[in-house]
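> Dropping a prediction and its sequence here:
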Amino acid sequence: FRASVEAARRGEPPPADGYLGEYIGELARVPGDPVPAMLERIVASLGRFRVMFDSFVREVDLVPGIPAAIELLDSYEADGTVWARTSAHGDDKDRPLLRSADGSHLYFAADVAYIRDKLERADRAIYVLGADHHGYVARLKAAATMLGYDPGRVEVLVYQLVHLIRGGEKVRIGKRSGNIVFLDDLLDEVGVDAARWYLVDRGPDREIEIDVDLATEKTRRNPVYYVQYAHARISALLRDAPAEAPGPPAVAPLAAGERELIMRLLEFPALVRDATEKRGPQMIPAYAIKVADDFNRFYDTCRVLGSDEQAFRLALCRATQTVVARCLQQFAMGREVGQPHVGQTTLSRAQQLAGAAQLQILLGDAKTILGLAHDRQPRFRCLAERRFVKQQASRAFGPAADTPAQLMELREPKAFGMLDHHDAGLGN
């Protein structure tokens, strides 16, 4: 990188395997080391994208720790190189560490020093790599094993490449050829919210495709617009609603749209836990779309304002709005220029702090609705679960305890360990 910038300063082409692109010429016009200037650009772009790093580690910072780390490895010397015997610990081949002639370190030596540094500071090291680094999984775990750590403390998420789609065709991108799209350019074109949504919408095992034409549409086809519109629709409804205290529970049996929406909201705590444990944040956007679908069906089939069930249905709308806002806040969405943060008026600062306790608060309205509704018979995942809950109800309330309210109290997520110490925040 430095050599490419220096060549541009001299008016020469970059070295073989060097970097091209207008940004190289821009950096060449700034005197001094181009690395800090490039890092400053990266930090600014990430800040605009709402991604903050606590620290950046340069390879030169790892050099002092390389000798001590290498001493802990199973290594040998051959062909003028010191090798780590990673093939004995699950890697497909041994990895070079040092040049025998001058003792200069090679790339894997810095990796070893860095993984040692990480595992000395933290319980778990989570690497997020691109698909072209798939071979690093085995060598990183092998390094951890040889250093004396449990390889299970090293997690490697290998994400597939990102493709931009314009006019139905993929945009050809090459970093070294200079044919690149900067993050800032994408944000200018589709906005921060849409960019964040599409980049988290796919799991690491699927290619990420961002259709820039679709991302700018204000139609139901655009999932970002669709979910945010559901929140806006509820906000408009609540603004038009009269200020009143919560009314009595529903007298009539729950309508199908009400029941489906309530059950969907109650999935949220378990879903967040599952997404956290499986490192699958893409579950949250998929869930948010389902919530929006269920709310739109409820809204189309159940009159809210002016109905006999107005208080009941307004409470359900408020609970839905809160859950939609919480889904979007998992990814810091809803802060576009000139727009209020989605859910800003519905969530206190305490509720925005991720945690199990506030998830119960978050869904309080929905659980109250389900607990007070006339036909509030709870739904269970399987017969064994129903039997377990009834057994717990008998222990807690006596042999005759089989009322829906008592069963629902034990049906809350905490009864199944869904709201334990797991933090709901996925973004970091």
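All right, it came through fine.
> which residue is nearest the middle of this protein?
Closest to where the C-alpha atoms of the chain average out (C-alpha atoms, centre = their mean) is Pro281, at 3.8 Å.
> Strands of the stretch 201-350 of the chain, start to end?
Counting by DSSP state E, counting those that start in this stretch, the stretch 201-350 of the chain has strands at residues 208-211.
> what bits of it have low per-residue confidence?
Scanning the stretch 201-350 of the chain for pLDDT under 70 picks out 244-252, 334-350.
> Quick check: Gly11 is in a helix.
No. Per DSSP: H, G, I helix; E, B strand; the rest coil, Gly11 lies outside any helix segment and is coil.
> For His163, give me phi and psi.
Dihedral pair for His163: phi -120, psi 130, per degrees, to the nearest 10.
> bridging residues for it?
Glu209 (DSSP bridges).
> list the contacts for it?
With contact set as C-beta atoms under 8 Å, 6 or more residues apart in numbering, His163 has these partners: Lys170, Val171, Ile173, Glu207, Ile208, Glu209, Ile210. Using the backbone N, CA and C atoms, a C-beta is placed for each residue, glycine as well.
> pLDDT at it, what is it?
On pLDDT, His163 comes in at 87.
> Do a quick rundown of the strands in the stretch 51-200 of the chain.
Using DSSP E, counting those that start in this stretch, strands in the stretch 51-200 of the chain cover 75-78, 81-84, 95-99, 125-130, 154-159, 162-166, 169-170.
> Given the shortest one, what are its sheet partners and their directions?
When sheet partners are counted by DSSP bridges, strand 169-170 sits next to strand 162-166 (antiparallel).
> Name the residues of the strand it pairs with that are buried.
By neighbour count on 16 or more other C-beta atoms under 10 Å, the buried set for strand 162-166 is Val162, Leu164.
> Pull the CA coordinates from that strand and hand them back as PDB.
Presented in PDB, the C-alpha positions along strand 162-166 are these (Å, rounded to 0.1, in the frame of the first residue of the first chain):
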ATOM      1  CA  VAL A 162     -20.800  -8.600  -1.000                       C
ATOM      2  CA  HIS A 163     -22.200  -7.900  -4.500                       C
ATOM      3  CA  LEU A 164     -23.900  -4.700  -5.600                       C
ATOM      4  CA  ILE A 165     -26.800  -5.100  -8.100                       C
ATOM      5  CA  ARG A 166     -27.600  -2.200 -10.500                       C
END
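> residues in contact with the residue lying closest to Pro285 once chain neighbours are set aside?
Distances taken as C-beta to C-beta, 6 or more residues apart in numbering put Asp201 closest to Pro285, at 5.0 Å, once the chain neighbours are dropped. By C-beta under 8 Å, 6+ apart, Asp201 lies in contact with Ile208, Pro223, Gln282, Pro285, Ala286.
> Same question for Glu209.
Val162, His163, Leu164, Ile165, Lys170, Tyr198, Arg202.
> Cys327: which of those is nearest?
Proximity of the contacts of Glu209 to Cys327 (C-beta to C-beta) peaks at Tyr198, which lies at 15.3 Å.
> my guess is the closest one contacts Ile208, does it?
Yes. Contact criterion C-beta atoms under 8 Å: Tyr198 and Ile208 qualify, at 7.1 Å.
> Which residue of these two possesses the greater neighbour count?
Comparing Tyr198 with Ile208 by other C-beta atoms under 10 Å, the one with more neighbours is Tyr198, at 24 against 18.
> The stretch 201-350 of the chain: helices as residue ranges?
Along the stretch 201-350 of the chain, the segments classed as helices by DSSP state H, counting those that start in this stretch run 212-215, 223-240, 256-265, 268-277, 283-301, 310-329, 349-352.
> Indicate which one of those helices is closest to Asp92.
Among the helices of the stretch 201-350 of the chain, the nearest to Asp92 by C-beta to C-beta is helix 268-277 (28.9 Å).
> Okay, buried residues for that closest one please.
Under the neighbour-count criterion of 16+ other C-beta under 10 Å, helix 268-277 has Phe268, Pro269, Leu271, Val272, Arg273, Ala275, Thr276 buried.
> would you turn the strands of the stretch 51-200 of the chain into JSON lines with distance to Leu140?
Listed next are the strands of the stretch 51-200 of the chain as JSON lines, based on distance: least, C-beta to C-beta, whole Å:
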{"stretch": "strand 75-78", "distance to Leu140": "17"}
{"stretch": "strand 81-84", "distance to Leu140": "12"}
{"stretch": "strand 95-99", "distance to Leu140": "10"}
{"stretch": "strand 125-130", "distance to Leu140": "7"}
{"stretch": "strand 154-159", "distance to Leu140": "6"}
{"stretch": "strand 162-166", "distance to Leu140": "23"}
{"stretch": "strand 169-170", "distance to Leu140": "31"}
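> Let me know the pLDDT of Ile361.
38.
> Which residue, other than its chain neighbours, is closest to Arg48?
Nearest-residue entry for Arg48: Leu187, 6.2 Å, with adjacent residues in sequence omitted and distances by C-beta to C-beta, 6+ apart.
> Correct me if wrong: the one you found contacts Tyr198.
No. At 11.8 Å, Leu187 does not count as touching Tyr198 under the criterion of C-beta under 8 Å.
> Show me the one of the strands of the stretch 51-200 of the chain that comes nearest Gly306.
Across those, Gly306 has its closest neighbour in strand 162-166 (45.0 Å, C-beta to C-beta).
> Against Tyr114, how distant is Arg58?
11 Å (C-beta to C-beta, to the nearest Å).
> Neighbour count for the two, which is higher?
The neighbour comparison of Arg58 against Tyr114 (other C-beta under 10 Å) goes to Tyr114, with 20 against 10.
> Fine, thanks again, bye for now.
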